[in-house]
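**Q** Fold the following for me, if possible:
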Amino acid sequence: MKKSKVVQSRIPEELYEKIAEKARSHRVTVSNFVRNLVEDVIEIHGEVADVIDASVKKVVTNMSAKDVAGTQEICLHKDRPCDHCRNIMKQGGKAHLVWYEGLRSPHIVCVSCKSKLKS
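**A** Below you'll find the predicted structure:
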């Protein structure tokens, strides 16, 4: 193993007991159990995020103006990517909230992508 770093975190005693019990059941130290858990979460998070991004892109790509329930112009308070084209929209610039039928949360889209919804 390369030079390692120490990460410390305060956790409630109840949580520590759960972690220690799981570590005992797997016959590893608490430290090894937590390290493995963190590595697994990081790996899974990346894979899940990729799958979700692909799923969202597929859903959005298949939606058209007829699926739009409403829109609202907004002013951005920070830089962020457009939920449709992923181009970065700048702080202070205009963007639009787009609500699609059947989706719970609105998408934040750039002016260009919003204009494409009219067709």
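**Q** ok, now how distant is Asn87 from Lys78?
**A** Going from Asn87 to Lys78 by CB to CB, to the nearest Å gives 15 Å. Yep, even glycine has a C-beta here, placed from its N, CA and C like the rest.
**Q** more neighbours, those two?
**A** Asn87 (11 against 8; other CB atoms under 10 Å).
**Q** number of nearby residues for Val30?
**A** Val30 has 14 neighbours, counted by other CB under 10 Å.
**Q** Can you report phi and psi for the closest residue to it other than its chain neighbours?
**A** The shortest distance from Val30 to any non-neighbouring residue, by CB to CB, 6 or more residues apart in numbering, is to Ala23 (4.7 Å). Main-chain torsions, Ala23, degrees, to the nearest 10: phi -60, psi -40.
**Q** can you map out the strands along the chain?
**A** Taking DSSP state E, the strands of the chain run over residues 68-75, 80-81, 88-89, 94-100, 107-109.
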